[in-house]
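>>> Build me a structure from this.
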Amino acid sequence: MVAMLMAMTTLSLTACGDDEEDGPSGGGNDIVGTWKANLPSNLLYEVFDEEEIEYVDKAEVLIQFKNNETYVTASVVTYNKVFAELMKDNPYFTNPMVDIDRGTYRINGKKLITRSEYDEDGEEEVADFSISGKTMTFSYSDDGVKYSMKFSKVSDKEIEKYLDRIK
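Okay, here's the model as predicted:
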């Protein structure tokens with residue numbers, strides 16, 4: 001499930017949408033820092049099947065863009081008490097479940113170009129993005145369905161607490 005969430009996170013970084021931001025870089029250096037989004041309900045249904053979704057309390061994505069043109073994402077799925085009880089004997093289950101992805105990025109005009117270090121093909125993904133104040137928006141279409149995610153700028157501590165768990 002977490003892998004599916006990570007795939008949707010990567011997809012959210014890879015698709016194109018409308019951009020209202022003025023300026024040459026669609027936000028440029030404003031992108032540096034940590035951004036957080038709750039997975040919208042329409043994406044929840046793309047990631048989890050109907051039986052699984054009843055156990056999900058919250059699914060969120062954190063993305064940290066660094067000055068050295070690298071990024072890290074943490075996809076975080078928090079399950080409800082019922083599921084946690086069902087999984088109590090599974091030594092691999094943690095609540096929340098966290099999946100980490102890393103890669104590089106660059107900005108070209110209003111385009112964000114990313115490459116995940118876990119992508120076996122090494123393909124670059126291109127997205128239009130906009131930043132307005134402390135809100136960053138990605139919008140994209142997948143198989144004719146339009147999705148949009150809004151990220152809010154948050155403290156770096158929001159993602160670091162998850163990164164510290166895997167060191």
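
>>> Going by neighbour count, which residues in stretch 86-96 are buried?
For stretch 86-96, burial by neighbour count (16 or more other Cβ atoms under 10 Å) applies to M87, P96. Placement of C-beta: from N, CA and C, glycine included.

>>> Surely E52 is in a helix?
Yes - assessed with DSSP: H, G, I helix; E, B strand; the rest coil, E52 lies in a helix.

>>> In this structure, where is pLDDT below threshold?
1-29, 42, 140-142, 166-167 (pLDDT under 70).

>>> hey, which strand is longest across it?
Ranked by residue count, the top strand of the chain under DSSP state E comes out as strand 97-108.

>>> Let me know the helix or strand that D164 is in.
Element membership of D164, judged by DSSP states H and E, is helix 157-165.

>>> Okay, angle between that helix and strand 97-108 too, please.
Put simply, helix 157-165 runs at 120 degrees to strand 97-108, going by axes from the mean of the first three to the mean of the last three Cα atoms, to 10 degrees.

>>> residues making contact with helix 157-165?
Under the contact criterion Cβ atoms under 8 Å, 6 or more residues apart in numbering, helix 157-165 has outside partners T34, K36, L62, I63, Q64, V72, A74, V76, V98, I100.

>>> JSON lines please, covering the residues you listed and showing neighbour count.
What follows is the contacts of helix 157-165, written out as JSON lines (neighbours: other Cβ atoms under 10 Å):
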{"residue": "T34", "neighbour count": "21"}
{"residue": "K36", "neighbour count": "18"}
{"residue": "L62", "neighbour count": "25"}
{"residue": "I63", "neighbour count": "25"}
{"residue": "Q64", "neighbour count": "21"}
{"residue": "V72", "neighbour count": "19"}
{"residue": "A74", "neighbour count": "26"}
{"residue": "V76", "neighbour count": "23"}
{"residue": "V98", "neighbour count": "19"}
{"residue": "I100", "neighbour count": "17"}
